[in-house]
Each structure stands twice: as structure tokens, then as C-alpha cells.
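Peer 1: mind looking at a prediction? Sequence and model below.
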Amino acid sequence: MSEIPRGVKPAADVAQILNRAQVPNLLFGWWVVGLYSQAQPFPVSSLSLSPSFPLPSFNADSFTQEIDFIVPDGQFESGIRALIDAGFQYCDDPKCPELVYDRFPRKGKIGDKYPITELLANLALNGWHEIADAHFHVETQYRKPKFTVLSLYKQSRLLWALPTLTLDPVPANDPTFVLTNDAARLPPRTPDFYSSSGPWLDVPAVKTLTYAALFEAFIRLKCRHLQERGMAEWRTDMWDERLCYTVGGTAKPERLRALRENLTPQFQAVFDAHTRTAENIASRATPRDAMNTLYDQLVAKGEL
């Protein structure tokens, strides 16, 4: 497989293992963002997102390559056991770097010179991450291309607003879920540098979120940490970064219009403040103002 879809086979394998064990599961994180917006091979730095910024070659296998899955809380232990039985290396090392929110902490002091590989690691979009409820090191299963970490999350941590996940088939026009091989609902891959990954047609299908459900999930996660202060504010920034790439400049205008139409009304104002397309330019709310308003609404409803 090429560099862009290097997460496809590991994700499909994990989904198949959990499906056979009757553990409902959902692909989450950057690989889902890549289905709708610019697909990101890791590590990706803010400098490497444009062909205008050529960087020296580096070994991508030296950095964290990850996939994130969500399973229902009540079947979490069953999911762990199924993956262990399939040969995945469960990590219980209390000093593992995956147990630190910043995978690539900065060393030295401002002004110091760094090797290009360390600079890129510090700038990697997945450098800051939500610590998983369980994780597995998968280097032995996936050597070429190398893949490093499978993160497993309880549904209540990230998708508490959705009904408990099931193994039920995904209907053709389900508003919440989609399969990664659904060419009718996912944008195609194009020669454009900023292209999405395209549907995953060469591996078994994996269940994930629709464009609208992914946007709303990231908004809820950002809202959950909106009132944090000091060092904890990075968690809001972390979800905001994923949100920006979900609806950022790489997403096509027609897809953004369709996305807005599929959002629940209370999320549309946040969408308008983040995108400022021709249709919503009259909106005067800043992203922060729109988020604060939504935060108050969600708190009032007991949804955070």
C-alpha cells in the first residue's frame, strides 16, 4: 500500500477481529478525518501540508503510526481479550510514552537546534492525543509499512451522546454511521495533493462516522474541555485541530454545503462560524462565541 492509506489494513484487521468476537466497534480519529478531508500519512507537520514547503526526506517509520477504535463500555474487556488472543501486544507498562498526552515532549530550550526528524515529531498532528483506555503495540504485525499503536477507547469517553454501538448492519443512508467502502457516500480519491483517501475498496469494510456525525463528535469533545484553563487548554486545542482539518480549506465547497444540511440545528451556528462560506458570511459569531453558546445549550440539556 502507498504511504497515504497505510492505516487501512490495520484498521480492517482490527475491525474483523472485534466483529468475530461479537464486540461492536467504530473507527475514529485521523483516519476518519482522511476519509472526508486531506488524508494524513503520519507523521505530518504543519510544514508538510503544502507542496510549497518541501522538506528533507525522513523515515516515516520512526514516528507514531496509529489507529483509534471505540467499543461499548460493557464489552471493553471482551475487546481487549479478543485482540490479545489475535496476537496483539497489550501494553501495561506504566512508563509507556502512550500514557503521556504529549507523545513528543520538547527537549532543550528555545533557540536550540534540532535534527529534522525531531522537529517533525514535535510538529506532528498526532503528537497530542487523548490517552487511550487501553493500547497495543503492533510493530510486529505491521512492518512494511510499519504501524505502531492501536488505541482502544470506551464509548463513554468519546461518543457518549450516541446510542450504544451495535453490530447491526449500517443502512444505506444512515445519518450517523457509514462503512469505509461506501463509494456512494464517501468522496473519491483524486490526484490533488489535498485529496481525501477515497473509499477503502481493497479491504473488508469498517464501520465509522458520517461526515456530519464526525463533525458533531469533535464539537462535543471540544465543548467538554472548553472551560479548562492553563495547561489543560491543550485538550480543547487538540480537538479543534482535528475539527479544522475536517472542515478546513481542503474540503470541497459542495461537500461543506451538504455537511451543513446534515447537521442538527444547534451545531449549524458553530459550523457557520468555523467556515465562513458564501452562504453563511452574514454570520457575525466568532468560533469561540458560537462554541460558548453551544456549550451553554449542551450543559443545560445535560449532554456534556
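Peer 2: Noted; the coordinates are in hand. Predicted model only: the values in this text are computed from it and were never measured. Numbering: from 1, shown residues only.
Peer 1: what's the domain layout of this protein?
Peer 2: The record's domain parsing of the chain by automatic domain parsing lists 8-209, 213-300.
Peer 1: how long is the first one from one end to the other?
Peer 2: Counting by C-alpha to C-alpha, to the nearest Å, the length from the leading to the trailing residue of domain 8-209 is 16 Å.
Peer 1: please renumber the chain so that the first residue is 15 from this point on.
Peer 2: Let's use 15 as the start, then, which means that last one is domain 22-223.
Peer 1: pLDDT of it, averaged?
Peer 2: Averaging pLDDT along domain 22-223 yields 77.
Peer 1: give me the number of residues near Gly212?
Peer 2: Neighbourhood size, Gly212 [other C-beta atoms under 10 Å]: 18. (Glycine included, C-beta is placed from N, CA and C.)
Peer 1: contact partners for it?
Peer 2: For Gly212, the contact set (C-beta atoms under 8 Å, 6 or more residues apart in numbering) comprises Leu200, Pro201, Pro202, Arg203.
Peer 1: hmm, try it at 7 Å
Peer 2: Going by C-beta atoms under 7 Å, 6 or more residues apart in numbering, Gly212 touches Pro202, Arg203.
Peer 1: and the closest residue to Gln89 other than its chain neighbours, how far is that from Lys109?
Peer 2: Spatial nearest neighbour of Gln89, chain neighbours left out: Val37 (4.9 Å); criterion: C-beta to C-beta, 6 or more residues apart in numbering. Distance, Val37 to Lys109, by C-beta to C-beta, to the nearest Å: 29 Å.
Peer 1: low-confidence ranges in the stretch 215-318 of the chain?
Peer 2: 241-266, 290-299 (pLDDT under 70).
Peer 1: where along the stretch 165-314 of the chain do the strands fall?
Peer 2: 191-193, 221-223 (DSSP state E, counting those that start in this stretch).
Peer 1: would you mind finding the most buried of those strands?
Peer 2: Per residue and on average, the most neighbours among the strands of the stretch 165-314 of the chain fall to strand 221-223, with a mean of 25 (mean count of other C-beta atoms under 10 Å).
Peer 1: ok, Pro301 to Ile233 distance?
Peer 2: Going from Pro301 to Ile233 by C-beta to C-beta gives 10 Å.
Peer 1: same check on Lys23?
Peer 2: To Ile233, Lys23 is 30 Å away according to C-beta to C-beta.
Peer 1: between those two, who's got more neighbours?
Peer 2: The neighbour count for Lys23 versus Ile233, taken as other C-beta under 10 Å, is higher for Ile233 (25 against 18).
Peer 1: I'd say the more buried one and Gln282 touch.
Peer 2: No: using C-beta atoms under 7 Å, Ile233 is not in contact with Gln282; the gap is 10.9 Å.
Peer 1: helices of this structure, start to end?
Peer 2: In the chain, the segments counted as helices under DSSP state H are 22-34, 44-50, 90-99, 130-137, 169-172, 225-238, 248-261, 267-276, 279-289, 301-314.
Peer 1: can I get these in CSV including distance to Pro189?
Peer 2: Shown next, in CSV, are the helices of the chain (distance: least, C-beta to C-beta, whole Å):
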stretch, distance to Pro189
helix 22-34, 21
helix 44-50, 15
helix 90-99, 25
helix 130-137, 35
helix 169-172, 18
helix 225-238, 7
helix 248-261, 17
helix 267-276, 7
helix 279-289, 13
helix 301-314, 19
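Peer 1: quick one, which of the ones you listed gets closest to Val152.
Peer 2: When these are compared by C-beta to C-beta, helix 22-34 sits nearest Val152, at 6.5 Å.
Peer 1: what packs against the closest one?
Peer 2: strand 80-85, helix 90-99 (3 or more C-beta pairs under 7 Å, 6 or more residues apart in numbering; DSSP states H and E).
Peer 1: strand partners (parallel or antiparallel) of the first one?
Peer 2: When you say that, I think you mean strand 80-85. The strands beside strand 80-85 in its sheet (DSSP bridges) come out as strand 40-42 (antiparallel), strand 163-168 (parallel).
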